[in-house]
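In: structure for the following, please:
(one chain, ligands or ions: 1)
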Amino acid sequence: MSSVVINARGEQRVRTGHPWIYRADVVDVHAAGGDVVEVVGPRQRTIGYALFSDRSQIPIRMLTRGDAPFALSVIRDRLARAIRFRETLALEATAYRLVHAEADLLPSLIVDRYGAYLVVQALSQGMDRLLPFVIECLTEFVAPEGILARNDPKVRALEGLEQTVEVLAGTVPETVVVSEGPVEYDVDLRRGQKTGLFLDQRENRDAAARYAHGRLLDCFSYHGGFALRLARQCTGAEAIDISADAVARIEANAARNGVSNIRAREANVFDELRRLEKTGERYDTIVLDPPAFAKNKASIPNALAGYKEINLRAMRLLTPGGFLVTCSCSYNVNEDLFAAMLHEASIDSHTPVTVVEKRMQGRDHPVLVGVPETHYLKCFILRRVE
Ligand code: SAH
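Out: Sure thing, here's the model as predicted:
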C-alpha cells in the first residue's frame, strides 16, 4: 500500500478535524499521484487514509481516521448518506447539490442534480482516479438519464489534470429545464458558470422574497436568479450583469416565466452604481451578489475595498425602509470581516442600517465544523432605517 509520512504539525492538524495537510508538513512519500495512501505520523503510527496528489499545495486530503484499512465501501456509504440527506430536505426545487465535497467527507467531489441529470466535478488527482467508481454508485442510487463531468475548473490544471467537459454516462441534452420554487430556468450544463446555476443562493432568494418590494435593482444578476424570484412582488426590476450572454439569458428566462417587468442591461456594476447615484435614482430593494473578489489571502484588502464601494453606494441608493440583500462568496473574507466592512460602508454613506437576517449558502451546501473553507457564502439582509 502507498504511504505518506507527515510531521507532528500535520498530525496535530488532523486531530483538530481538518482534512487537508499542506506540502510543508509532508516528510516522506512512497506513493504516486492519485493513490489512496496510508498516512503515517512521526511516531510511525497510522493516522488514517487519504487521497494523495503529487502536484497540489494540498497533497493530502483525509478520507478516514484511525488504523482501519480503507475500503471503497466508505465512498459508497458516504455518497448514499449525502444523497439521502438531500432527500430529507424536501427542497422545492429540481436542481440542488447532492454532494458538497469536504462537507460530505468526500474531499474535492461535487455532484449537482439538474432534474434527471447529474453534473460532477472531481477536483483532485485522488478523486479523479475514484470517479469511475463514483459514477457507478451514482448510477445505482439516482438512476439519472445522464451524467456530465464539468471537469473544467482551473484547479484541475493545478493538480496536473486535464480540463474537460464530457458525458460519462447516458446522454445529456444541450439545455435542461429545472425549477426553483416558482421559477423555471433553461440551463446550459456544459457552458454555464459553476455547474450551470448558482444553486447555493436558492434559500437566500426565498429569504429576500420576504422583504422585496417597490423598485428592485439586481446587481451581478447572472441568469436573473434574484430578479426572477422577486420581480412579481415588485413594481419593476432592473437586472445588471457585465456579460452579454448573461443578459440574453435573463431576458429568455423572464419570457419563459411570463415575467414582463424585468429590464436587463449589460454594464459594470461599479460604474452603474456611480451613475445611478449621480442621476438621483432610488430603489426599495437592492441585491448585490458579486463574484468572489478575494481569490486568495493577498487580495483581501483590495476585495474589502471593492465590497465596501458597492455596498456604500447601494446604501445611498436605498429608500428609507428599503432592503439591501448583500452577499460575498469569498471564503477568504469571513463573516466578521464582511460585517466590519458593512459597518464602515454604513458610516461612510451616513446610512443607518439594521441587520434583518444573517445567512449563508443553502442547506444542500452544508458547512463542516472546523473547516472554514466550507463556509464561503455570506448573505446579509439589511434594512435602511431612515
Ligand atoms: N446573482 C446570481 C449569481 C451571480 S454570479 C444568481 O443569483 O444566480 C456573478 C455575476 O457577476 C456573473 O454573472 C458575472 O458575469 C457578473 N459580474 C462580474 N463582474 C461584474 C461587474 N463588474 N459588473 C457586473 N457584473 C459582473
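
In: which SS class is L189?
Out: Secondary structure, DSSP: H, G, I helix; E, B strand; the rest coil: L189 is coil.

In: helices or strands next to the helix or strand harbouring L118 in the packing?
Out: Assignment of secondary structure by DSSP states H and E places L118 within strand 117-122. Contacts defined by 3 or more CB pairs under 8 Å, 6 or more residues apart in numbering; DSSP states H and E place strand 117-122 against strand 109-114, helix 125-142, strand 146-151. From N, CA and C alone the C-beta is placed, and that goes for glycine too.

In: can you list the strands that that strand pairs with?
Out: Strand 117-122 has the following strand partners under DSSP bridges: strand 109-114 (antiparallel), strand 146-151 (parallel).

In: picking that back up, please identify the most buried of the helices and strands packed on strand 117-122.
Out: Mean neighbour count, computed with mean count of other CB atoms under 10 Å, is highest for strand 109-114 among these, reaching a mean of 25.

In: would you mind listing what in the stretch 201-350 of the chain touches the ligand?
Out: Residues of the stretch 201-350 of the chain lying close to the ligand (CB under 6 Å from any ligand atom) are 201, 220-223, 225-226, 240-243, 246, 268-270, 289-291.

In: ramachandran angles for D241?
Out: With angles defined as degrees, to the nearest 10, D241 sits at phi -150, psi 150.

In: any idea of the angle the strand holding L118 forms with helix 125-142?
Out: 160 degrees (axes from the mean of the first three to the mean of the last three CA atoms, to 10 degrees).

In: residues near the residue in the chain positioned nearest to the ligand, how many?
Out: Across the chain, no residue is closer to the ligand than G225, which sits at 2.5 Å (CB to the nearest ligand atom). Using other CB atoms under 10 Å, G225 has 26 other residues around it.

In: next up, the contacts around it.
Out: Shown in contact with G225 (CB atoms under 8 Å, 6 or more residues apart in numbering): 197-198, 201, 205, 289.

In: select from those residues the one having the most neighbours.
Out: Most neighbours among these, by other CB under 10 Å: Q201, with 27 neighbours.

In: that residue belongs to a helix?
Out: Yes. Using three-state DSSP, the assignment for Q201 is a helix.

In: grab the nearest non-local neighbour of it.
Out: If the residues on either side of it in the chain are set aside, Q201 comes closest to G225, at 5.8 Å by CB to CB, 6 or more residues apart in numbering.

In: follow-up on the earlier one: dump the helices and strands packed on strand 117-122 to a markdown table, plus mean pLDDT.
Out: Shown next, in a markdown table, are those (pLDDT from 0 to 100):
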| stretch | mean pLDDT |
| --- | --- |
| strand 109-114 | 98 |
| helix 125-142 | 98 |
| strand 146-151 | 98 |
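
In: which among the ones you listed is found nearest to G362?
Out: The closest approach between G362 and any of the helices and strands packed on strand 117-122, judged by CB to CB, belongs to strand 109-114 at 11.9 Å.

In: isn't V142 right up against I83?
Out: Yes. Counting by CB atoms under 8 Å, I83 is a contact partner of V142 at 6.7 Å.

In: who touches both of these two?
Out: L98.

In: show me the contacts for the most centrally placed residue in the chain.
Out: With distances taken as CA atoms, centre = their mean, D200 lies nearest the centre of the chain, 5.5 Å away. Neighbour list for D200: 97, 329, 361-362, 365, 377 [criterion: CB under 8 Å, 6+ apart].
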